[in-house]
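# below are the sequence and a predicted model; questions follow.
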Amino acid sequence: MSEEAKQGVFGIDLGTTYSAVSFIDEAGKPVIARNALGNETTPSVIYFENETNVVVGETAKETAKIAPDSVISLIKREMGNEGYVREFFGREYSAPALSSLILKEVSRGAEADSGRKLAQAVITVPAYFGMLEKAATREAGELAGIQVIGIVPEPVAAALSYGLGTDSETKTILVYDLGGGTFDVTVIRLGTDEIRVLAVKGDHLLGGADWDSALVDHIVGEVTAQLGDDSIRDDDMAIQEIWNQAEKAKQQLSQMQSRKVIVRHSGGAATFEITRAQFEEMTKHLLDRTIEITHLALDALDEKYPEAKAQISDVLLVGGSSRMPAVAEALKREFGWDAKLSDPDLAVAKGAALYAAAQWGKIVEWQDSDGETASGAQGEPSTPVFAETEAESQSALVRAERETGLDRDDLKKMGEREIIGSLPKAVGIALADTTVDGWDDPSKGPTPLYVEHIVPAGTEIPLKVPATITAMTAFANAPEIEVALYEQAGTVVGRALAENRIIQAKRIKGLSEFNLPAHSPIEVQLTIDGDGLVRVHAREPKSGRDVKFEGRISFLDADTMQRDKDSLAVLTVMS
Ligand code: AMP
């Protein structure tokens with residue numbers, strides 16, 4: 001790709017079994033970028049070939065059976081697991097570090113296919129992911145060198161790609177997502193100014209692979225019966241081949257009524273037909289389980305939002321496995337729903353690209369790392385500066401319309417909706433501990449500190465009203481005052497500094513000339529956006545001096561982040 005390639009507007013569906021990337025084309029439409037092998041989705045599988053080479057995608061998936069100890073799959077299941085670490089060739093990797101390898105490979109393929117630079121992107125996450133898992137996902141992006149301009153729940157992305165993001169009325173939508181290895185039912189409300197997940201239920205060990213497995217059992221049974229020999233059960237290569245055949249047969253049975261299967265083994269061959277009806281019969285218990293979970297989601301919805309069930313206006317099918325005709329039939333039979341099916345395995349990525357476009361509609365300019373205004377959507381990766389005033393919003397929209405090809409009003413409608421989440425860890429600032437004798441006596445050493453948690457865990461974010469507190473200086477004539485922002489470190493909230501993790505600290509400077517008395521008030525205000533970005537504004541009222549800074553709720557601590565960077569630095573990623 002040339003140096004001058006245009007920066008593209010990208011969305012990435014970082015899936016449990018498959019990942020996909022979409023970008024906004026010249027016509028303002030989200031399209032899928034194909035990978036190096038020409039495929040629309042890439043297996044989320046990583047193969048550590050040697051000290052320096054890593055293979056991601058189809059080849060890695062095919063290697064899984066041959067070199068299981070060097071292959072990682074289903075890494076998404078570990079994204080919230082703080083203790084998770086894997087070692088390959090003497091180097092350690094966290095779950096975000098491993099995910100970053102998938103992101104690196106899919107973005108490389110997407111850049112080549114789209115002819116656009118992928119410097120920023122929106123990444124999707126399951127609706128049940130908390131802020132911590134979202135932070136881990138964001139950090140995976142960072143480790144892959146991608147600036148993550150938004151993290152979006154998958155069902156929300158799906159709704160956007162189904163064209164439901166630009167309605168001017170509030171809509172309640174149910175998303176039935178049956179992928180390769182997970183199943184989720186989510187009810188979301190797309191309001192005019194907020195998007196709220198009303199109910200989520202799922203089984204993260206249920207997916208297309210279970211349908212494959214049922215078919216494999218059936219095929220092995222037929223082969224054994226026809227050949228009068230069950231030695232195939234011990235032949236790993238033959239069984240792997242049957243798995244591949246079963247997945248293909250399953251997919252074809254979504255279009256055809258029957259499919260011929262031929263299996264050769266130890267000099268003989270077994271030939272038989274599998275009909276769709278047979279396949280549906282042998283997998284009925286799996287489909288029934290998804291219906292049961294859908295009922296549970298509706299029960300949970302009823303409990304919290306009794307009016308919402310009757311308001312469900314659209315039922316969307318997402319995930320490759322929802323292509324099985326039996327899915328829509330069961331939803332019709334059981335609930336009377338006419339579920340919509342359109343590009344179910346690509347809808348999430350496409351919706352993410354649309355969400356990315358909406359984010360662009362809020363960006364006034366891009367800045368280089370030195371704070372200089374960058375040359376628009378061209379050139380090196382740069383940091384977005386989001387619009388704050390009405391005038392800035394207008395010019396951001398005009399610019400995004402020009403650059404994405406999407407309609408200004410649509411961008412505005414999509415961008416105006418805040419996604420409501422919940423704060424995973426309490427956040428607070430360090431204060432002088434006035435319960436300690438001599439806390440304000442400078443001769444007794446430094447001021448004893450503790451963390452006052454101003455915003456408790458579980459608080460809805462973005463914060464509608466900023467959290468405020470008035471702190472106090474300990475000693476008279478302080479020349480500077482440090483304001484330190486902390487987050488709860490473990491699962492239990494504790495006030496000791498050691499039970500918390502520092503996010504960021506800055507000083508209010510230039511106070512010596514004001515001769516502030518001891519116990520002078522310092523006003524501190526915290527705001528938290530939907531992505532967990534905490535903004536701090538601390539002010540000394542007498543002098544008017546203040547300090548502003550921001551920091552993010554994090555998943556990886558600084559040491560682990562550095563270790564991951566070092567581990568990743570020596571690797572080359574290939575497909
Ligand atoms: P996803 O994680 O959304 O990419 O879904 C992948 C799963 O969808 C895999 O189990 C695929 O075998 C399955 N799948 C893809 N296409 C079809 C199809 N036409 N019929 C049935 N299952 C399919």
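Thanks, I have it.

# wait, is Thr271 part of a strand?
Yes - under DSSP: H, G, I helix; E, B strand; the rest coil, Thr271 sits within a strand.

# ok, it touching Arg264?
No - using Cβ atoms under 8 Å, Thr271 is not in contact with Arg264, being 9.7 Å away. The C-beta positions use only the backbone N, C-alpha and C, and glycine is treated the same way.

# low-scoring stretches of the stretch 1-150 of the chain, by residue?
1-4 (pLDDT under 70).

# for whatever residue of it ends up closest to the ligand, phi and psi?
The ligand sits closest to Tyr18 of the stretch 1-150 of the chain, with a gap of 3.8 Å, by Cβ to the nearest ligand atom. For Tyr18, the backbone dihedrals are phi -130, psi 150 (criterion: degrees, to the nearest 10).

# tell me how many other residues crowd it.
Neighbour count for Tyr18, taken as other Cβ atoms under 10 Å: 25.

# can you check the one 3 residues further on too?
Neighbour count for Val21, taken as other Cβ under 10 Å: 32.

# and it, which of the three is it?
strand.

# what's the distance between it and Arg116?
Val21 sits 11 Å away from Arg116, going by Cβ to Cβ, to the nearest Å.

# tell me if Ser121 really is in a helix.
You called it Ser, but residue 121 is Ala. No - Ala121: not assigned to a helix; according to three-state DSSP it is strand.

# could you find the closest non-adjacent residue to it?
In space, and not counting its chain neighbours, Ala121 is closest to Phe10: 4.2 Å by Cβ to Cβ, 6 or more residues apart in numbering.

# returning to that earlier point: list the contacts for the residue of the stretch 1-150 of the chain closest to the ligand?
With contact set as Cβ atoms under 8 Å, 6 or more residues apart in numbering, Tyr18 has these partners: 41-44, 179-180, 320, 345.

# backbone torsions only: list them for the nearest residue to Thr182 once chain neighbours are set aside.
Of all residues not flanking Thr182 in the chain, His204 sits nearest, at 4.8 Å (Cβ to Cβ, 6+ apart). In terms of degrees, to the nearest 10, the main-chain angles of His204 are phi -90, psi 10.

# can you give me the neighbour number for His204?
Neighbour count for His204, taken as other Cβ under 10 Å: 16.

# ditto for Arg77
15.

# which non-adjacent residue is nearest the residue in the stretch 451-575 of the chain positioned nearest to the ligand?
Closest residue of the stretch 451-575 of the chain to the ligand, Cβ to the nearest ligand atom: Ser575 (17.3 Å). Nearest residue to Ser575 in three dimensions, chain neighbours excluded: Ala36, at 4.3 Å (Cβ to Cβ, 6+ apart).

# give the contact list for the residue in the stretch 401-550 of the chain that the ligand sits nearest to.
Per Cβ to the nearest ligand atom, Ile419 is where the stretch 401-550 of the chain lies closest to the ligand, at 21.6 Å. Going by Cβ under 8 Å, 6+ apart, Ile419 touches 152-153, 156, 194-195, 530.

# same check on Glu392?
Taking Cβ under 8 Å, 6+ apart, we find Glu392 in contact with Val364.

# what about the helices in the protein?
Assigned by DSSP state H, the helices in the chain fall at 58-63, 95-114, 131-143, 154-161, 208-227, 236-252, 276-282, 284-304, 325-335, 347-360, 390-404, 408-416, 558-569.

# where does the stretch 401-550 of the chain have low pLDDT?
In the stretch 401-550 of the chain (pLDDT under 70), no residue qualifies.

# in it, which spans are strands?
Along the stretch 401-550 of the chain, counting by DSSP state E, counting those that start in this stretch, strands occupy 418-419, 421-422, 427-432, 449-455, 460-461, 467-472, 481-488, 500-508, 521-528, 533-539, 546-552.

# can you give me the neighbour number for Ile66?
12.

# and the contacts of Ile419, which are buried?
Neighbour-count burial (16 or more other Cβ atoms under 10 Å) is assigned, among the contacts of Ile419, to 152-153, 156, 195, 530.

# closest one of those residues to the ligand?
The shortest approach to the ligand among the buried ones among the contacts of Ile419 belongs to Pro153, at 15.3 Å (Cβ to the nearest ligand atom).

# correct me, but Ala400 touches Glu365?
No - between Ala400 and Glu365 there is no contact under Cβ under 8 Å: 11.9 Å.

# check contacts around the residue in the stretch 101-250 of the chain that the ligand sits nearest to.
Closest approach between the stretch 101-250 of the chain and the ligand, counting by Cβ to the nearest ligand atom: Gly208, at 2.1 Å. Residues near Gly208 by Cβ under 8 Å, 6+ apart: 17, 178-181, 247, 250, 319-321.

# how about Thr17?
Neighbouring residues of Thr17 by Cβ under 8 Å, 6+ apart: 43-44, 73-74, 179-181, 207-209.

# got it, and Gly109?
Gly109 neighbours (Cβ under 8 Å, 6+ apart): 21, 33-36, 42, 575.

# just the ones of those in strands?
Among the contacts of Gly109, the members found in strands (DSSP state E) are 21, 33, 42.

# which strand residues bridge the first one?
According to DSSP bridges, the residues that bridge with Val21 are Ile12, Ala33.

# how close does the nearest residue to Leu74 once chain neighbours are set aside sit to Ala67?
Nearest residue to Leu74, sequence neighbours excluded (Cβ to Cβ, 6+ apart): Thr16, at 5.8 Å. Thr16 sits 21 Å away from Ala67, going by Cβ to Cβ.

# so Leu331 sits against Tyr176, correct?
Yes - Leu331 lies in contact with Tyr176 (Cβ under 8 Å); the separation is 6.8 Å.

# in terms of neighbours, single out the busier of those two.
Set Leu331 next to Tyr176 and count neighbours by other Cβ under 10 Å: Tyr176 wins out with 29 against 22.

# dump the residue contacts of that one.
Neighbouring residues of Tyr176 by Cβ under 8 Å, 6+ apart: 185, 290, 294, 315-318, 322, 327, 331, 339.

# give the bridge partners for it, please.
Val185, Leu317.

# distance check, it against Lys201.
11 Å.

# same question for Arg399.
41 Å.

# between Thr16 and Ala67, who's got more neighbours?
The residue with more neighbours, out of Thr16 and Ala67, is Thr16; 19 against 12, by other Cβ under 10 Å.

# for the chain, which residues are neighbours of the ligand?
Proximity of the chain to the ligand, by Cβ under 6 Å from any ligand atom, involves residues 15, 17-18, 41, 179-180, 208-209, 247, 250-251, 254, 319-321, 323-324, 345.

# do that again at 8 Å, thanks
Residues of the chain found near the ligand (Cβ under 8 Å from any ligand atom) are 15-18, 20, 41, 177-182, 207-209, 211-212, 247, 250-255, 318-324, 344-345, 348.

# give the buried subset of the residues you listed as a ChimeraX selection command.
Remark: buried members of the residues of the chain next to the ligand, expressed as a ChimeraX selection using 16+ other Cβ under 10 Å:
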select :15,16,17,18,20,41,177,178,179,180,181,182,207,208,209,211,212,247,250,251,253,254,318,319,320,321,322,323,324,344,345,348
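
# sweet, I'm off.
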